[in-house]
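A.B. asks: Fold the following for me, if possible:
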Amino acid sequence: MSVQQAPRHFLDINQFSNSTLRSILNKAIEYKKAGRNFNKPLLDHTLVLIFEKSSTRTRVSFEVGMRQLGGDVVVLGPRDSQMGRGESIGDTARVLSRFSDVIMIRTDSHKKLELLAENSSVPVINGLTDDSHPCQIMADIMTFEEHRGSIEGKTIAWVGDGNNVATSWLHAAVKFNFNFKIATPAELKLPESQIECAISEGCNVTITSIAKEAVKGADCVVADTWVSMGADNDRSKKIKLLEPFQVNEDLMALANSDALFMHCLPAHRGEEVTSSVIDGKQSVVWDEAENRLHAQKGILSYCLNII
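C.D. replies: A predicted model of the protein is given here:
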């Protein structure tokens, strides 16, 4: 009797070796270079997408990517499954495992993601939680290296809220060996436990509450929306705290002359970034968005044992 292989989940960047992450990125690059000229390795495979939080880039990139690889997709919104009506995450995982080959969930609680993975016999992918956003950062690393070569030893500056995207950048800094400078208001900083863990693993991380300190000498400046989805009750308070962290031309001028600007989108021009920066020559946000498609295909290929 054969022993069933444990599913290859993709939950967080810090759970993988550099070599595994590199294999995913290399596959993503291969897919991008090939365009439509590749075989259909996921023919007869089905991906279930669960959206408890709405999405543009995550939904379209996963759905298009899976179809380009020959597979099929089922999309479940907040009103399309029984999870919103009392069915447990564990039971949902067990049922969907019988119907599909891989599951992606975009949700609030990271615990929901973990419970889904614990009870699923097929791979589970983290499409976003309140704690992390690993798929986005895989696309971001790919984008940086397309424009500037290896990210190893480079300096990435995060400016704004210490949110889920910042957390996944911190995870990536450890695995890809780049310097990470984080500027946030003291009230919105990343948890000390995360910082201490990264430092213990050899990460060169700088924490500051002054945006100029983080951006000075950076090879890439990264921003994100100031008010995350579902946090509108705190909007006015957060915006006031974050006003000194707007990425504008004056702030970008402190970075290296060839520094890139990244933003995972959607952007709020005039809040976290000015139009002159996001639409300027240093911005690579559209390449970054496109690379979500290719990175998702790399992740799907890992989860389904193509690489």
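A.B. asks: From now on I want contacts and neighbour counts done on CA atoms only, so please keep to that.
C.D. replies: Will do.
A.B. asks: Quickly find the element holding residue 242.
C.D. replies: Per DSSP states H and E: residue 242 is located in helix 235-242.
A.B. asks: Excluding chain neighbours, what is closest to residue 292?
C.D. replies: Closest residue in space to residue 292, ignoring its immediate chain neighbours: residue 139 at 5.2 Å, by Cα to Cα, 6 or more residues apart in numbering.
A.B. asks: measure the one you found to residue 196 for me?
C.D. replies: 26 Å (Cα to Cα, to the nearest Å).
A.B. asks: Looking at these two, which one has more neighbours?
C.D. replies: When residue 139 and residue 196 are compared for neighbours, residue 139 comes out ahead with 24 against 13, by other Cα atoms under 10 Å.
A.B. asks: part of a helix, is that one?
C.D. replies: Yes. Inclusion of residue 139 in a helix is indicated when DSSP: H, G, I helix; E, B strand; the rest coil is applied.
A.B. asks: If you average pLDDT per helix and strand, which one of the chain comes out bottom?
C.D. replies: Ranked by mean pLDDT, DSSP states H and E, the weakest helix or strand in the chain is helix 235-242, scoring a mean of 92.
A.B. asks: List the contacts of the nearest residue to residue 247 once chain neighbours are set aside.
C.D. replies: Nearest residue to residue 247, sequence neighbours excluded (Cα to Cα, 6+ apart): residue 273, at 4.6 Å. By Cα atoms under 8 Å, 6 or more residues apart in numbering, the contact set of residue 273 is 223, 246, 247, 248, 267.
A.B. asks: so where does residue 115 fall, helix or strand?
C.D. replies: helix 110-119.
A.B. asks: buried residues in that helix?
C.D. replies: For helix 110-119, a neighbour-count test (16 or more other Cα atoms under 10 Å) marks 110, 112, 113, 114, 116, 117, 118, 119 as buried.
A.B. asks: Can you add pLDDT and distance to residue 216 and give the residues you listed back as JSON lines?
C.D. replies: Shown next, in JSON lines, are the buried residues of helix 110-119 (pLDDT from 0 to 100; distance: Cα to Cα, whole Å):
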{"residue": "110", "pLDDT": "98", "distance to residue 216": "33"}
{"residue": "112", "pLDDT": "96", "distance to residue 216": "39"}
{"residue": "113", "pLDDT": "98", "distance to residue 216": "37"}
{"residue": "114", "pLDDT": "98", "distance to residue 216": "38"}
{"residue": "116", "pLDDT": "98", "distance to residue 216": "42"}
{"residue": "117", "pLDDT": "98", "distance to residue 216": "40"}
{"residue": "118", "pLDDT": "98", "distance to residue 216": "43"}
{"residue": "119", "pLDDT": "98", "distance to residue 216": "46"}
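A.B. asks: Columns distance to residue 240 on top of those, output as JSON lines?
C.D. replies: Putting those into JSON lines (distance: Cα to Cα, whole Å) gives the following:
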{"residue": "110", "distance to residue 240": "28"}
{"residue": "112", "distance to residue 240": "32"}
{"residue": "113", "distance to residue 240": "32"}
{"residue": "114", "distance to residue 240": "34"}
{"residue": "116", "distance to residue 240": "37"}
{"residue": "117", "distance to residue 240": "38"}
{"residue": "118", "distance to residue 240": "40"}
{"residue": "119", "distance to residue 240": "42"}
